[in-house]
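Colleague: next come a sequence and a model predicted from it.
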Amino acid sequence: MKYIQKAAAPREFTDWRARVRGTDKEKYGELPAAEKAVLINALMGEQGGLCAYTMRHIEETSSHIEHIKPQTVCRAEQPGNDLDYQNLVACFPREGMKSQYRYGAQARGHWWNPPLFVTPLQPNCEARFRFNLYGEVAALDGDAAAAETLKRLALDHKSLTEDRRRVIEDFIYSEPLTVTAAQRWIAQVAQRKKDGQFIEFCIAIRHALEDYLKNLEKHRRKRAFAMRIR
(Lines give C-alpha, C1' and ligand atoms only; values in the text may rest on other atoms or scores of the structure.)
Protein backbone atom coordinates (compact mmCIF):
# COMPACT_ATOMS: atom_id res chain seq x y z
CA MET A 1 0.00 0.00 0.00
CA LYS A 2 1.34 3.44 -0.94
CA TYR A 3 0.63 6.45 1.24
CA ILE A 4 -1.58 9.04 -0.48
CA GLN A 5 -1.13 12.70 0.38
CA LYS A 6 -4.45 14.32 -0.39
CA ALA A 7 -4.52 17.65 -2.16
CA ALA A 8 -7.31 20.15 -2.68
CA ALA A 9 -10.35 19.04 -4.67
CA PRO A 10 -10.47 20.16 -8.33
CA ARG A 11 -12.32 23.41 -8.91
CA GLU A 12 -14.93 21.88 -11.22
CA PHE A 13 -15.92 19.45 -8.47
CA THR A 14 -16.10 22.08 -5.72
CA ASP A 15 -18.08 24.42 -7.99
CA TRP A 16 -20.63 21.68 -8.67
CA ARG A 17 -20.87 20.90 -4.95
CA ALA A 18 -21.57 24.55 -4.24
CA ARG A 19 -24.35 24.62 -6.83
CA VAL A 20 -26.16 21.57 -5.41
CA ARG A 21 -25.57 22.21 -1.71
CA GLY A 22 -28.78 21.83 0.26
CA THR A 23 -30.70 20.23 -2.62
CA ASP A 24 -31.67 16.63 -3.36
CA LYS A 25 -28.82 16.59 -5.89
CA GLU A 26 -26.19 16.81 -3.15
CA LYS A 27 -25.03 13.20 -3.33
CA TYR A 28 -22.40 11.23 -5.18
CA GLY A 29 -24.94 9.43 -7.35
CA GLU A 30 -25.89 12.76 -8.93
CA LEU A 31 -22.35 13.72 -9.92
CA PRO A 32 -22.39 14.58 -13.66
CA ALA A 33 -20.11 12.69 -16.04
CA ALA A 34 -17.94 15.71 -16.86
CA GLU A 35 -17.23 16.55 -13.22
CA LYS A 36 -16.70 12.85 -12.47
CA ALA A 37 -14.07 12.61 -15.20
CA VAL A 38 -12.25 15.64 -13.78
CA LEU A 39 -12.49 14.12 -10.31
CA ILE A 40 -11.01 10.73 -11.16
CA ASN A 41 -8.17 12.34 -13.10
CA ALA A 42 -7.38 14.52 -10.08
CA LEU A 43 -7.34 11.43 -7.85
CA MET A 44 -5.09 9.53 -10.24
CA GLY A 45 -2.77 12.51 -10.36
CA GLU A 46 -2.28 12.73 -6.61
CA GLN A 47 -1.87 8.93 -6.47
CA GLY A 48 0.75 8.95 -9.19
CA GLY A 49 -1.23 6.56 -11.36
CA LEU A 50 -1.45 3.78 -8.77
CA CYS A 51 -4.52 2.02 -7.38
CA ALA A 52 -5.01 3.18 -3.80
CA TYR A 53 -5.25 -0.36 -2.40
CA THR A 54 -3.17 -2.59 -4.69
CA MET A 55 -0.52 -0.27 -6.24
CA ARG A 56 -1.47 -1.54 -9.71
CA HIS A 57 -1.08 0.99 -12.52
CA ILE A 58 -4.42 2.57 -13.35
CA GLU A 59 -5.88 4.84 -15.97
CA GLU A 60 -9.31 6.41 -16.29
CA THR A 61 -10.50 3.42 -18.32
CA SER A 62 -9.38 0.88 -15.71
CA SER A 63 -10.35 2.55 -12.44
CA HIS A 64 -13.27 3.81 -10.40
CA ILE A 65 -13.78 6.30 -7.58
CA GLU A 66 -13.71 4.56 -4.22
CA HIS A 67 -15.08 5.88 -0.93
CA ILE A 68 -12.77 4.95 1.95
CA LYS A 69 -15.71 5.39 4.29
CA PRO A 70 -18.60 3.78 2.37
CA GLN A 71 -21.20 6.01 0.76
CA THR A 72 -24.02 4.59 2.85
CA VAL A 73 -22.17 5.40 6.08
CA CYS A 74 -21.38 8.92 4.85
CA ARG A 75 -25.00 9.66 3.90
CA ALA A 76 -26.28 8.31 7.20
CA GLU A 77 -24.03 10.75 9.04
CA GLN A 78 -25.05 13.84 7.08
CA PRO A 79 -26.35 14.62 3.57
CA GLY A 80 -23.49 15.46 1.24
CA ASN A 81 -20.85 13.65 3.28
CA ASP A 82 -20.40 11.17 0.43
CA LEU A 83 -18.91 14.06 -1.57
CA ASP A 84 -16.03 14.70 0.83
CA TYR A 85 -12.95 14.81 -1.42
CA GLN A 86 -10.69 13.76 1.43
CA ASN A 87 -12.56 10.45 1.57
CA LEU A 88 -12.16 9.66 -2.14
CA VAL A 89 -9.46 7.63 -3.91
CA ALA A 90 -9.08 5.96 -7.30
CA CYS A 91 -8.98 2.16 -7.38
CA PHE A 92 -8.67 -0.70 -9.84
CA PRO A 93 -10.78 -1.98 -11.55
CA ARG A 94 -13.37 0.18 -13.24
CA GLU A 95 -17.02 -0.52 -12.57
CA GLY A 96 -18.29 -3.34 -14.75
CA MET A 97 -14.93 -4.98 -15.42
CA LYS A 98 -14.72 -8.76 -15.30
CA SER A 99 -15.29 -10.33 -11.89
CA GLN A 100 -11.93 -12.12 -12.06
CA TYR A 101 -10.34 -9.22 -10.18
CA ARG A 102 -11.62 -10.27 -6.77
CA TYR A 103 -9.17 -8.22 -4.77
CA GLY A 104 -8.79 -4.63 -3.65
CA ALA A 105 -11.99 -2.60 -3.76
CA GLN A 106 -14.04 -5.46 -5.20
CA ALA A 107 -13.04 -7.82 -2.41
CA ARG A 108 -13.68 -5.21 0.25
CA GLY A 109 -17.20 -4.40 -0.89
CA HIS A 110 -18.96 -2.29 1.77
CA TRP A 111 -16.92 -3.52 4.73
CA TRP A 112 -16.18 -0.76 7.22
CA ASN A 113 -14.47 -1.18 10.59
CA PRO A 114 -12.19 1.81 11.21
CA PRO A 115 -10.08 0.30 14.04
CA LEU A 116 -9.23 -2.67 11.80
CA PHE A 117 -8.85 -0.86 8.48
CA VAL A 118 -5.42 0.33 7.38
CA THR A 119 -6.07 2.86 4.64
CA PRO A 120 -3.68 4.51 2.16
CA LEU A 121 -4.51 7.85 3.79
CA GLN A 122 -2.64 6.82 6.96
CA PRO A 123 1.00 8.01 6.87
CA ASN A 124 2.30 4.75 8.39
CA CYS A 125 0.45 2.42 6.00
CA GLU A 126 3.56 1.54 3.95
CA ALA A 127 5.32 0.14 7.00
CA ARG A 128 2.48 -2.14 8.12
CA PHE A 129 2.82 -4.70 5.32
CA ARG A 130 5.86 -6.58 4.08
CA PHE A 131 6.48 -7.87 0.56
CA ASN A 132 9.14 -10.37 -0.48
CA LEU A 133 11.04 -11.24 -3.65
CA TYR A 134 8.20 -13.48 -4.83
CA GLY A 135 5.54 -10.76 -4.61
CA GLU A 136 4.01 -12.29 -1.49
CA VAL A 137 2.66 -9.98 1.19
CA ALA A 138 2.17 -10.30 4.94
CA ALA A 139 1.04 -8.04 7.74
CA LEU A 140 3.66 -7.19 10.32
CA ASP A 141 3.61 -9.51 13.32
CA GLY A 142 1.08 -8.42 15.92
CA ASP A 143 -0.61 -5.85 13.69
CA ALA A 144 -4.22 -7.04 13.83
CA ALA A 145 -5.51 -4.16 11.70
CA ALA A 146 -2.99 -4.86 8.93
CA ALA A 147 -3.86 -8.57 9.01
CA GLU A 148 -7.58 -7.84 8.77
CA THR A 149 -7.04 -5.28 5.99
CA LEU A 150 -4.92 -7.73 4.02
CA LYS A 151 -7.71 -10.31 4.28
CA ARG A 152 -10.54 -7.90 3.45
CA LEU A 153 -8.71 -6.46 0.43
CA ALA A 154 -7.37 -9.89 -0.60
CA LEU A 155 -3.95 -8.36 -1.15
CA ASP A 156 -2.57 -11.90 -1.20
CA HIS A 157 -4.83 -12.95 -4.08
CA LYS A 158 -3.05 -15.40 -6.37
CA SER A 159 -3.24 -13.32 -9.55
CA LEU A 160 -2.29 -10.07 -7.81
CA THR A 161 0.67 -11.79 -6.16
CA GLU A 162 1.74 -13.17 -9.53
CA ASP A 163 1.54 -9.70 -11.10
CA ARG A 164 3.76 -8.32 -8.34
CA ARG A 165 6.22 -11.19 -8.74
CA ARG A 166 6.59 -10.57 -12.49
CA VAL A 167 7.20 -6.84 -11.98
CA ILE A 168 9.72 -7.50 -9.20
CA GLU A 169 11.62 -10.11 -11.22
CA ASP A 170 11.77 -7.87 -14.27
CA PHE A 171 12.96 -4.92 -12.19
CA ILE A 172 15.71 -6.79 -10.34
CA TYR A 173 16.75 -9.69 -12.55
CA SER A 174 16.25 -8.66 -16.19
CA GLU A 175 19.80 -7.35 -15.84
CA PRO A 176 20.77 -8.36 -12.27
CA LEU A 177 21.33 -5.25 -10.20
CA THR A 178 24.66 -4.58 -8.55
CA VAL A 179 24.80 -3.77 -4.86
CA THR A 180 25.28 -0.09 -5.65
CA ALA A 181 22.35 -0.01 -8.08
CA ALA A 182 20.07 -1.85 -5.65
CA GLN A 183 20.95 0.58 -2.86
CA ARG A 184 20.24 3.52 -5.15
CA TRP A 185 16.88 2.10 -6.16
CA ILE A 186 15.85 1.44 -2.56
CA ALA A 187 16.17 5.19 -1.99
CA GLN A 188 14.45 6.17 -5.24
CA VAL A 189 11.91 3.57 -6.29
CA ALA A 190 9.02 4.98 -4.25
CA GLN A 191 9.56 8.53 -5.51
CA ARG A 192 7.63 10.07 -8.37
CA LYS A 193 9.13 9.91 -11.82
CA LYS A 194 9.56 13.04 -13.93
CA ASP A 195 6.05 12.60 -15.32
CA GLY A 196 4.57 12.58 -11.80
CA GLN A 197 3.81 8.86 -11.88
CA PHE A 198 4.97 6.19 -9.44
CA ILE A 199 6.47 2.88 -10.53
CA GLU A 200 3.87 0.13 -10.36
CA PHE A 201 4.09 -1.84 -7.07
CA CYS A 202 6.87 0.51 -5.92
CA ILE A 203 6.64 -0.35 -2.22
CA ALA A 204 6.72 -4.07 -3.00
CA ILE A 205 9.78 -3.50 -5.18
CA ARG A 206 11.52 -1.57 -2.40
CA HIS A 207 10.98 -4.40 0.08
CA ALA A 208 12.12 -6.95 -2.50
CA LEU A 209 15.28 -4.93 -3.13
CA GLU A 210 16.06 -5.00 0.58
CA ASP A 211 15.73 -8.80 0.56
CA TYR A 212 17.83 -8.97 -2.61
CA LEU A 213 20.66 -7.09 -0.91
CA LYS A 214 20.48 -9.42 2.08
CA ASN A 215 20.78 -12.40 -0.27
CA LEU A 216 23.77 -10.86 -2.03
CA GLU A 217 25.46 -10.31 1.32
CA LYS A 218 24.80 -13.94 2.34
CA HIS A 219 26.37 -15.19 -0.90
CA ARG A 220 29.35 -12.89 -0.42
CA ARG A 221 29.95 -14.25 3.08
CA LYS A 222 29.65 -17.84 1.87
CA ARG A 223 32.19 -17.21 -0.87
CA ALA A 224 34.54 -15.52 1.58
CA PHE A 225 34.22 -18.43 4.00
CA ALA A 226 34.85 -20.96 1.22
CA MET A 227 38.01 -19.11 0.20
CA ARG A 228 39.32 -19.17 3.80
CA ILE A 229 38.96 -22.93 4.25
CA ARG A 230 40.64 -23.90 0.97
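Modeller: Done, it's in. Computed from a predicted structure; not experimentally measured.

Colleague: in the longest helix along the chain, what counts as buried?
Modeller: Ranked by residue count and defined by DSSP state H, the top helix of the chain is helix 202-229. Going by neighbour count (16 or more other C-beta atoms under 10 Å), the buried part of helix 202-229 is Cys202, Ile203, Ala204, Ile205, Arg206, His207, Ala208, Leu209, Glu210, Asp211, Tyr212. Every C-beta, even on glycine, is put in place using the N, C-alpha and C of the backbone.

Colleague: and of the residues you listed, the nearest to Asn113?
Modeller: When those are ranked by distance to Asn113 (C-beta to C-beta), Ile203 comes first, at 23.4 Å.

Colleague: surely the closest one and Met55 touch.
Modeller: Yes. Counting by C-beta atoms under 8 Å, Ile203 touches Met55, with 6.4 Å between them.

Colleague: so what sits against both of the two?
Modeller: Each of Met1, Lys2 lies in contact with both Ile203 and Met55 under the rule C-beta atoms under 8 Å, 6 or more residues apart in numbering.

Colleague: Ile186 contacts Leu209, doesn't it?
Modeller: Yes. Using C-beta under 8 Å, Ile186 is in contact with Leu209, at 4.9 Å.

Colleague: from Arg164, how far off is the residue lying closest to Glu66 once chain neighbours are set aside?
Modeller: Leaving aside its sequence neighbours, Glu66 sits nearest to Cys91 (C-beta to C-beta, 6 or more residues apart in numbering; 4.1 Å). As for Cys91, its distance to Arg164 is 16 Å (criterion: C-beta to C-beta, to the nearest Å).
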